[in-house]
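Participant: got a predicted model here, sequence first, then my questions.
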Amino acid sequence: MRKFPVAKIFIYIFLILMAVLYLAPLLWVFSVSFKTNAEIFKTPFALPKAPTFDNFSFAWTAGKLGIATLNSFIVCVITLILSMIVGSMAAFAIARMRWKFSKLALTYFLTGMMIPVHCVMIPLFTRFAKIGLSNNLIGLVLPYLTFSLPVTIFIMVGFFESMPGELIESACIDGATISGIFFKVCLPLGKTGLFVTGLMTFIANWNELLLAMVFISDENKKTLPVSLSKFVGPYNTNYSQMFAAIIIAIIPTIIVYCAFSNQIVDGLTAGAVKG
């Protein structure tokens, strides 16, 4: 009979406890979303006696989660595409091209990671109001893109620097241009990094609340986190409908992560080692 080391047993126990710790709140929210408000207060941890989908239909229609989900999807996808294109190009220029201010440019982009959104929210709002970008989805894409680029560039620089220089030298000998080296050599090799940065960008912007709440006042242009905040009132909160709305909001992120989980793990592993 095969014996397991004691250390490995403790590792498995720790991992099981961590899985329960992270999954238990999600499963509880999913369970209570099928209850009535009275049943939640009476038996909060028991399974629903008569599961109902009325909470989901109410959240989707009365809460306008349909249009809010579409708005969030439009903003996040546009930001994702632009951040991956612009960020990977900037990272390639910093990591693989030889020019005088490459390190200074990297430092400049990385300072964006240290600037909290609260510091620029008022100047952005006043500026966008003057040029007609307030209460506009484009007015959300621009700051989302700005705050997504530093992380994208930082991670992609590590991926591009870890690529063998011989591949790029061979492409140069074969007569490849800079754009050809980027699109045909470096970008395919760095696709795992794009998966990692893409997921981080998508989830961060999908869950963003502060800028969306300040910049958007039109009910038909509000994003999903702003619509979720309407389920919490100053004097009364319908928890069953709120939990149903939360389940609807997190489904897209769970689907995206499950679909690209293998690529994400490979990307994190590849980006951990250089050379």
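Facilitator: Noted; the coordinates are in hand.
Participant: where are the low-confidence patches of the stretch 101-250 of the chain?
Facilitator: Scanning the stretch 101-250 of the chain for pLDDT under 70 picks out the ranges 233-236.
Participant: where along it do the helices fall?
Facilitator: Here the stretch 101-250 of the chain has its helices, by DSSP state H, counting those that start in this stretch, at 102-110, 117-131, 138-161, 165-173, 178-181, 187-189, 191-206, 210-215, 224-229, 239-259.
Participant: for the shortest one, buried residues please.
Facilitator: Neighbour-count burial for helix 187-189, with 16 or more other Cβ atoms under 10 Å as criterion, is recorded at L187. The way it works is simple: take the backbone N, C-alpha and C, and place the C-beta from them, glycine included.
Participant: just give me how far it sits from the chain centre.
Facilitator: Taking Cα atoms, centre = their mean, to the nearest Å, one finds helix 187-189 lying 22 Å from the centre of the chain it belongs to.
Participant: residues contacting K49?
Facilitator: By Cβ atoms under 8 Å, 6 or more residues apart in numbering, the residues touching K49 are E39.
Participant: can you tell me the SS state at it?
Facilitator: coil (DSSP: H, G, I helix; E, B strand; the rest coil).
Participant: quick one: pLDDT of it?
Facilitator: If you check K49, the pLDDT there is 84.
Participant: and it, its phi and psi?
Facilitator: phi -70, psi -40 (degrees, to the nearest 10).
Participant: ok, R98 next?
Facilitator: Main-chain torsions, R98, degrees, to the nearest 10: phi -100, psi 110.
Participant: from F182, how far off is it?
Facilitator: 15 Å (Cβ to Cβ, to the nearest Å).
Participant: then I251?
Facilitator: Look at I251 and F182: by Cβ to Cβ, they are 35 Å apart.
Participant: that older thread, neighbour-wise, which of R98 and F182 wins?
Facilitator: Ranked by neighbour count (other Cβ atoms under 10 Å), R98 and F182 place F182 first, with 21 against 5.
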